[in-house]
Each structure stands twice: as structure tokens, then as C-alpha cells.
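Student: Make a model of this:
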Amino acid sequence: MINTDKTRKGYINRELSWISFNFRVLSQALDIKTPLIEQAKFSAIFSNNLDEFFMVRIASLKSQVEAGITKLSEDGRTASEQLEEIRKRLLPILKLQANHYHDYLKNELRRNRILIVDYEDLNEIQTSWINSYFKTKIFPVLTPLAVDPAHPFPYVSNLSLNVAAIIIDPEKDQEQFVRVKIPQKSISRFISIPTDLDKSTSNAELITIPLEQIIGCNLRMLFPGMKIKEHYFFRVTRDADLELRDIEADDLMIAIEEGLRKRRLGGEIVRLEVSDKIPVEILNMLIKGLSIKEEDVYMTKTILGLDDLLELSTISNHRLKFKHHVGKTCKPLKHSQTGKLETSSSNKDEFKDIFSIIKNKDILLHHPYDLFSTSVEEFINQAAEDPDVLAIKMTLYRIAKDSQVIKALIRAAESGKQVMALVELRARFDEDNNIQWAKQLEQSGVHVVYGVVGLKTHTKIALVIRNESNKLKSYVHIGTGNYNCKTSKLYTDLGLLSAREDLGKDLVELFNYLTGFAKQQTFRKLLVAPVSLRKGIETLIHREIKNHKEGKGGVIRAKMNSLVDPNIINLLYEASQEGVKIELIIRGMCCLYPGVKGLSENIQVISVIGQFLEHSRIFWFYNGGEKEAYIGSADFMRRNLDRRIEAVTPIEDTLLLKRIEQLLAIYLNDNCAAWDMQNDGTFVQRKAKGQQYRAQDELIAFWETL
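Tutor: Predicted structure coming up:
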């Protein structure tokens, strides 16, 4: 049982902890040492993260308030108190972001010949070109909507950018409120203007203008004969979380498709973003028309929807970006690449199929330093083509738009192999994409399942069954990240390729658990949620406590995305109080207070924010000198431990175990991108006094030596 008083005293509110994490993301944009286009990217990521936070977390808290739910959070706050504190924390952070874009980023980009201009700054030639562009490319797409007794306030869709304008009928001298939706899906947010229209801008690399300004300054074309008094922009965020009842798998796709239709329409409005120059009368019209409260309004001095700054990432100015990183083929797999066979006859003599390599020894993959295409994709591709492979089974959570893994599964099924894919239809904001892939896989003969009723399948596992000398041999991949070629270049993730018999048997039984009615309660090596993972982790922590009491030493090191679970936090507090040294690398939410005398003085927490999104999960235990390490898909959150299917595997090869230790040490020694969590829950970024040591740069160099 959780000690409620103890938990509230030593537990940081998860929503406030998330805001702290997202501020660390924004800090990458605010750091002048970050290349300019990367500053724009981090600012965009901050905004995109915040959109999802409002659509899911804020929406949930508002629902609790409206339903009269008085349940307190783990730190003892009501939903209303949390909403009030969230707004209080966000306002100064949003001001920092707006100031950065408005007062620094635009100016520095201009100094580097990239101009984000405003309509009023255009010269006569540019204005003429833009107006012509509006007539031919934008005007036909727009739909102006009036608001009067005959036309009720129009529905405003989620995350849409809109123009609110007051127009005047000269004949009646009567004012009219109108709304125009900005067509963001069909037209780029930033419209490029030819640089050679004027000599003064001929040396510019790019001149671009926000789409909404073009529309706002050409409203007269939408309302001929009317006078445009004023116009302002607004943006709406709605509740977009899908609430699904536990239903049979046959109905799940239908239910989620229906839920997606509702999401596109959107739930209740949870945020209205407007310019800080908007007149009170127009703001009041919006508040009344959208049926929101004043505390839902967020004002800014800059353009709305800064997540669209991600469009600037397409600029090919390498000087303004991080040094482009291309991973390499994992050394043990160097001679297993089927793609090279067609280009060089000499490679045919050196070629070894990937299964013979994996059978010889376990292989630890670390993306993006190891190429996903020449490791995981190659594993699945060779399985699809190999005549000795009888079956392939995989879990698919977030799938790339152009997935080579999916294509390989389809080829395997069409060639007569038994192929099973568990497609998680409830992967938030990827539901529609996953539904389309699930349909395509089914049409190709792949046996598609949607998992266990009531549990989201988040584990990243693949199993290949091969016939070798009339015996069945299992080959496995167990990872921390999705089977997604796009994110594998952006996220740091670990994966294990192995032919260990006990892991193969565990995955066979786990897939049976996922596809049938098996109620597997124990596994040989794997820690599986919700069956054995929580108990397994708690047992490992208790062992460190026991070993330390017996004089064998106690050390725990862990790397994860989030530490939120109250039971695990309390157990870590207990371990700290007994003298166990605990070093945690946590990218996102951390609800534990480190370094508090008498509570957690032996716990250190750092967060690493860098060029790549830290996504790998590692759990390392000293174990009295007989060190153990595990990797897998789970964070220390209730949802991961109790409400999802997760798998965590031990790393048993001595060399790979040492590599895990080296990897953790590199993160802990970071003196540039690491943030130290203070005993009050705040974070302070490390500042290198001497030689800079940035973990991700060191890992690029480290992996080159392997």
C-alpha cells in the first residue's frame, strides 16, 4: 500500500514536472550556442509538445473539474489547483519563447540571409507578387463565414489558425463579425517570395512570409464592397483524447475509427491563443462564441502556432544546423548486408546471413549510431526472403509512412510464411496511420491482431522462427524503440538481437499471451508487464538494499523517459535511506525529489536534452559485484507497469554488459547537455568549466570505435 502522507510530501506533481521538462526543450532554442535553424526546431518541438499537453492532460483536468471530481493528485492538489498552477508556470515560459522568436531568432536569421518578413514590410514589387499569388493559389480555397442571427458562430476545429475580422457595410454603416479559416493542410504555413524581385534582397537565401498575413491583408477580395475595419488571428486547442471502452478486437478498429472522426471534430475547447494586440471587444466575441473562460486565453506578441517553425528545417544551410549525423552498420553485421551483393561480386564470398551471425553471439544495437536499415530492417528483410524461415511475429506501435518493415512482412506473407503482426491501434495520434497499415497487412495475408483487451501493447519485440536441420530455432529482437525508420534517426534507442533459447521460448509464450487466451504468469528471462515487471523491478531494488546491508555494496543506475510511479519512488527513497547509491538519467517527468537529507540524499537525477531525443530505457544493478543490466520498452509509470504490455530483457553477454556500463557513464559525465535536478525539484544546466563533454557527441565517437 502507498503511504499517502509520505507520497505527497516526497512527490512532485507530474503535470508541473512535465512543464519543467518542456522548458528544458525550449532552453535548447534559447541557447545562443544552438545553431539557428535548430533553435527554430526546438521552439517548434516545444510548441508541438504543449499542444498535446493541452489536448490530453489539460483536457483531463478540466473534465475532472466539470464532473465535480474531488480526488487529489499524488502531491495533494485538486484539479482546479493544478490548472491554476500550470497556467502560472506556463505564462512566463511562453513569454520567453515569444521574445526569442520576435526579438532574436528573426533578426539573427535575417543576418544570415533568411528573412521571415511581415506583409507591411514588403516593397511594392513584392506586394504585387504576393497579391497575385493570393489570387491564384489561396483565394479559391478560402471560405469566409459571417456571424449574425442567421449565421451562428461557426465551429472552429482543433489546432486551426483563423482570422477574426470586423467588416463594415458602407451603405448601412453596420459592423459585421466574420471568421476565415487558414488552410494549413493544403498550403504551406510560410510562403516563399522570389529573392530576385528586388536588388535589395537579391543576396537573400530565403524570403518567406506567414500565410495568415497574406490572407489577412487581402480580406477585401473576400468581401467586395465592404470595408475591412480590422483583423486579428486566433488559434483553438480542443480535447483530443480518445476514450475507448474495453471491447472485443473485432470491434476495436470500428470503435477507433469512430473515435478519430470525433477527434477531428474535437471535444471541448481547452485553449484560445490570440495576439496581445487584439481589441477587448473582439476577444469578448471569441470568448462568448467559443464558450470558454478568460483563464483559457493565452496571449502572445508573436505569430501563433510556432510548431510550424519546423518547416524551416528543410532549409539546406548546413552552417545553421547541427552537424549531420549518419549512423554506420553495426560491426558484427558488416558482412550480412544483402543490398551489397548486387554491387560487388567480391562481397558474395564474404557474405554471412544475419542468422548465422546472431547465432554466434548476442548483438547490442544503439540507434541512431547504428543504422536501423542495416540491422533491424535487414533482420526482418532476410527473414522475409529466407526459405528456411517459417514464421515472423512482431509488435508494431508507431509505424513510419514508408515502412520497409511492413513491406517485408507483406512479402513474407505472400510467399507463404506464417506472419503475425500485433498493430496497436491506440498509439496516441498515430491511430489513423496504424489503422491503414493494419488493413493493408490483412489484405496481404498477414494475421493481424490488436492485442489484449484493456491493455495497450507498447512492447517492441520481433520473433523469427527458422527451420535448421529439422529443428526449430528462434531469433529475437527486443528493443526500447519503435520499428520506425524515421524515428530511428532522431531517437536514441537500444535493441538486442539474440538467438538465446530461453529468450526465444519467452517470446513464443509472450506472443501466445498477446494473440490468444494464454494467461502466462512467469517467464524465464523477460520481465513482462503487467505480469512480472513491477514485481521484478521491486525485487531487484530490494536485493540492492539487502546487499548493501550485508556490506556487499549497493548501486542502482537507470535511464528512462519518466519516473512517476509512487510505489517505485517510495522504494527508491527507502533504498537511499539504507545507503544505496542511485544515479538516474531521466529525460522527461521525474516526480521524485533527489538529494533531500534523510529522504533521498543518495539519489542523483540528471536530464539530458540534445540533438537526438533520448528514448532508451536501461536498468542497471550492482548486485554485489555480479552486475546485471536490463533494457526494454517500459518507463517507471503506472501505465507502463500496470496497464500496458511491456517487455524488459536482461543483457547477459559480458562484453555487452560492459558496453551498457560505459554508455551510462558517458551520460552521467555530460557537462553540457545534462541538467542536474535540485532537491527542490528544479533543474540547473551544467556549464563546462574546461573541456566540453557532450554525451551524444561522445557516443558518436564511442560507437565509431566498436
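
Student: Kindly provide the whole-number mean pLDDT of whichever strand or helix holds residue 442.
Tutor: Per DSSP states H and E: residue 442 is located in helix 431-443. Regarding helix 431-443, the rounded mean pLDDT is 76.

Student: what do you get for stretch 111-121?
Tutor: Mean predicted lDDT for stretch 111-121 stands at 94.

Student: just stretch 272-286 next, same as before
Tutor: 94.

Student: Please apply the same query to stretch 401-413.
Tutor: 91.

Student: which residues does residue 666 contact?
Tutor: Applying C-beta atoms under 8 Å, 6 or more residues apart in numbering to residue 666 gives the contacts 695, 698, 699, 702. Glycine gets a C-beta too; all of them are placed from N, C-alpha and C.

Student: what separates residue 676 from residue 617, distance-wise?
Tutor: Taking C-beta to C-beta, to the nearest Å as the measure, residue 676 and residue 617 are separated by 21 Å.

Student: Have a look at these two and say which one is more surrounded.
Tutor: Applying other C-beta atoms under 10 Å to residue 676 and residue 617 shows that residue 617 carries more neighbours, namely 25 against 15.

Student: got the residue ranges for the helices in the stretch 1-150 of the chain?
Tutor: Along the stretch 1-150 of the chain, the stretches classed as helices by DSSP state H, counting those that start in this stretch are 4-9, 14-30, 36-53, 59-66, 79-99, 106-111, 124-133.

Student: and residue 176, that one's in a strand?
Tutor: Yes. Judged by DSSP: H, G, I helix; E, B strand; the rest coil, residue 176 forms part of a strand.

Student: all numbers from here: first residue = 35
Tutor: With the count now opening at 35, the last piece we talked about shows up as residue 210.

Student: Let me see the backbone angles for the nearest residue to it once chain neighbours are set aside.
Tutor: Nearest non-adjacent residue to residue 210, counting by C-beta to C-beta, 6 or more residues apart in numbering: residue 201, 5.1 Å away. Dihedral pair for residue 201: phi -120, psi 160, per degrees, to the nearest 10.

Student: List the contacts of residue 201.
Tutor: 209, 210, 212, 253, 257, 260, 261, 262, 263.

Student: picking that back up, to residue 578, which of the helices of the stretch 35-184 of the chain lies closest?
Tutor: helix 38-43 (20.3 Å; C-beta to C-beta).

Student: what's the average pLDDT for that closest one?
Tutor: Mean predicted confidence for helix 38-43 is 51.

Student: and what of stretch 550-562?
Tutor: Averaged over stretch 550-562, pLDDT sits at 84.

Student: Helices along the stretch 335-484 of the chain, start to end?
Tutor: Using DSSP H, counting those that start in this stretch, helices in the stretch 335-484 of the chain cover 379-384, 388-394, 410-419, 438-448, 465-477.

Student: Point out the other helices and strands that the fourth one packs with.
Tutor: This points to helix 438-448. When contacts are defined as 3 or more C-beta pairs under 8 Å, 6 or more residues apart in numbering; DSSP states H and E, helix 438-448 packs onto helix 410-419, strand 423-430, strand 452-457, helix 465-477.

Student: Strand partners (parallel or antiparallel) of the top strand by length along the chain?
Tutor: If you go by DSSP state E, the chain has its longest strand at strand 261-272. Note on strand 261-272: by DSSP bridges, its sheet partners are strand 195-203 (antiparallel), strand 303-309 (antiparallel).

Student: Is it possible to get JSON lines of the ones you listed that adds distance to residue 493?
Tutor: Below are the strands paired with strand 261-272 laid out as JSON lines (distance: least, C-beta to C-beta, whole Å):
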{"stretch": "strand 195-203", "distance to residue 493": "38"}
{"stretch": "strand 303-309", "distance to residue 493": "31"}
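
Student: between those strands, which one is nearest to residue 249?
Tutor: Of all the strands paired with strand 261-272, strand 195-203 comes closest under C-beta to C-beta, at 6.1 Å.

Student: For the closest one, buried residues please.
Tutor: Residues 195, 196, 197, 198, 199, 200, 201 are the ones in strand 195-203 that count as buried (16 or more other C-beta atoms under 10 Å).

Student: now stretch 355-374
Tutor: Here stretch 355-374 shows 355, 356, 361, 363, 364, 366, 367, 369, 370, 371, 374 as buried, counting by 16+ other C-beta under 10 Å.

Student: Looking at these, which one is closest to residue 339?
Tutor: residue 355 (22.3 Å).

Student: ok so, going back, would JSON lines of the buried residues of strand 195-203 with pLDDT be doable?
Tutor: Putting the buried residues of strand 195-203 into JSON lines (pLDDT from 0 to 100) gives the following:
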{"residue": "195", "pLDDT": "95"}
{"residue": "196", "pLDDT": "95"}
{"residue": "197", "pLDDT": "95"}
{"residue": "198", "pLDDT": "94"}
{"residue": "199", "pLDDT": "93"}
{"residue": "200", "pLDDT": "92"}
{"residue": "201", "pLDDT": "92"}
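
Student: got those as CSV, with distance to residue 226 columns?
Tutor: Below are those laid out as CSV (distance: C-beta to C-beta, whole Å):
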residue, distance to residue 226
195, 19
196, 23
197, 21
198, 27
199, 26
200, 31
201, 30
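
Student: Residue 702: which of these is nearest?
Tutor: Out of the buried residues of strand 195-203, the member with the shortest distance to residue 702 (by C-beta to C-beta) is residue 195, at 43.0 Å.

Student: Spit out the contact partners of that closest one.
Tutor: So residue 195 contacts 215, 216, 218, 246, 267, 268, 269, 338, 339 (C-beta under 8 Å, 6+ apart).

Student: if we go to 7 Å?
Tutor: 216, 218, 246, 267, 269, 338, 339 (C-beta atoms under 7 Å, 6 or more residues apart in numbering).

Student: among the helices of the stretch 335-484 of the chain, which is nearest residue 533?
Tutor: helix 388-394 (4.5 Å).

Student: dump the residue contacts of the residue nearest to residue 717 when sequence neighbours are not counted.
Tutor: Nearest residue to residue 717 in three dimensions, chain neighbours excluded: residue 709, at 4.1 Å (C-beta to C-beta, 6+ apart). Residues near residue 709 by C-beta under 7 Å, 6+ apart: 58, 640, 641, 717, 718, 719.
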